[in-house]
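*Asks:* 3D, please:
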Amino acid sequence: MDSKKTIRIGTRDSELALWQAHTVQKKLNDLGYKTEIIAVKSQGDIILDKPLYELGITGIFTKTLDIAMINGQVDIAVHSMKDVPTALPIGIVQAAVLKRANTLDILVHKGNLNFLEEKATIATGSLRRQSMWLNKYPNHTVVDLRGNVNTRMQKLTESDWSGAVFAAAGLERINLKPTDFINLDWMIPAPAQGAMVVVAMGNDEFVLDAVSQLNDVETEICTYIERQFLKTLEGGCTAPIGALAKYCELEDTFTFKGALLSIDGKQKLEIEKIVPVEEWKKLGFHCAKEILDNGGAELMATIKESLKK
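*Replies:* Below you'll find the model as predicted:
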């Protein structure tokens, strides 16, 4: 294989997506590889009048780049891992998971938190955040909020909403985190939140060899556990599912927290487990099974039914 090959990095053209692509570009350049960034417009950023789950595509943000990669227009794509469907398209593989950033969700507000005790309107486009918010604040109203991070911040500023929920990592990456926010440490994040993944074609040895050097094993394992939990519950991008795995070096254990909620937030099935390090491979699966066996299967069926309408 030609060692002079330029690795073409496909990305969406939002500021956050470009930041992610540039981060990977710099890491590859530092290793001596030649790279070029190719911005591709994504359907997920364009169709803004419908919630993602109604579009029926779990990989709405990744689809365009998947096609570009399969067509040979780009060699790799960089994604927020929480946006990537648990089943990758045929021929495409996970080449690296970068060291994880902040996993928290935050509430961006307008300088006054009195509304938490009263009636209020909170904005989010995520089913998980909506359900978890309503579970904790049943007298609040949650409204839909679409678009990339910049668009969403702008919409919040122009609205009469009390606040909106964001992933801390996204705002931190592009220096958009305002002074008026609170960490929602009670909210279980989306599986793989705060992690970036690089995908490539499974038969491209040169690229796989290059990109594999960026992999962070701890993040890879934690996100694997979380996504296995999601996949077993059959979440895709459509059910209110939270999952967070953490490695504890001192004890040499993995801690897992997972939750499945009804869309209105009235029902919440939670699990928390600590296992020895060697039991990580089936941890997500076992936790999901436990939830499914304790009311989760019925709840998933109800969710699927209500989303069809």
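*Asks:* so is the residue positioned nearest the centre of the chain in a helix, a strand, or just coil?
*Replies:* Nearest residue to the geometric centre of the chain (CA atoms, centre = their mean): Lys82, 1.9 Å. When classified by DSSP: H, G, I helix; E, B strand; the rest coil, Lys82 comes out as helix.
*Asks:* do the same with Asp293
*Replies:* Assigned by three-state DSSP, the conformation of Asp293 is helix.
*Asks:* Next up, the contacts around it.
*Replies:* Residues near Asp293 by CB atoms under 8 Å, 6 or more residues apart in numbering: none. Where C-beta positions appear, they are placed from N, C-alpha and C, glycine not excepted.
*Asks:* i'd like the first residue to be 22 from this point on
*Replies:* Got it, the first residue is 22 from now on, which makes the last one we talked about Asp314.
*Asks:* and the gap between it and Leu290?
*Replies:* 10 Å (CB to CB, to the nearest Å).
*Asks:* now swap in Lys325 and tell me
*Replies:* Distance from Lys325 to Leu290, by CB to CB: 16 Å.
*Asks:* now Ile242
*Replies:* Here the criterion is CB to CB. By it, Ile242 lies 24 Å from Leu290.
*Asks:* can you check Lys157 too?
*Replies:* In terms of CB to CB, Lys157 sits 15 Å off from Leu290.
*Asks:* Which one's more surrounded, the two?
*Replies:* Leu290 (18 against 14; other CB atoms under 10 Å).
*Asks:* Run through the bridge partners of the more buried one.
*Replies:* Taking DSSP bridges as the rule, Leu290 bridges to Leu281.
*Asks:* Contacts only, for it.
*Replies:* With contacts defined as CB under 8 Å, 6+ apart, the neighbours of Leu290 are Ala280, Leu281, Leu282, Ile312, Asn315, Gly316, Gly317, Leu320.
*Asks:* ok, the residues you listed vs Gly191, which is closest?
*Replies:* For these, the closest approach to Gly191 (CB to CB) belongs to Ala280, at 21.2 Å.
*Asks:* How many residues are close by the closest one?
*Replies:* Taking other CB under 10 Å as the criterion, the count of residues near Ala280 is 22.
*Asks:* confidence score at Gly257?
*Replies:* If you check Gly257, the pLDDT there is 54.
*Asks:* Show me where the stretch 122-271 of the chain has its helices.
*Replies:* Taking DSSP state H, counting those that start in this stretch, the helices of the stretch 122-271 of the chain run over residues 148-157, 170-179, 189-194, 226-232, 238-254.
*Asks:* Any chance of CSV for those helices, columns distance to Val298 and mean pLDDT?
*Replies:* Shown next, in CSV, are the helices of the stretch 122-271 of the chain (distance: least, CB to CB, whole Å; pLDDT from 0 to 100):
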stretch, distance to Val298, mean pLDDT
helix 148-157, 28, 97
helix 170-179, 35, 96
helix 189-194, 25, 96
helix 226-232, 26, 98
helix 238-254, 9, 97
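*Asks:* That's all I had, so thanks and see you.
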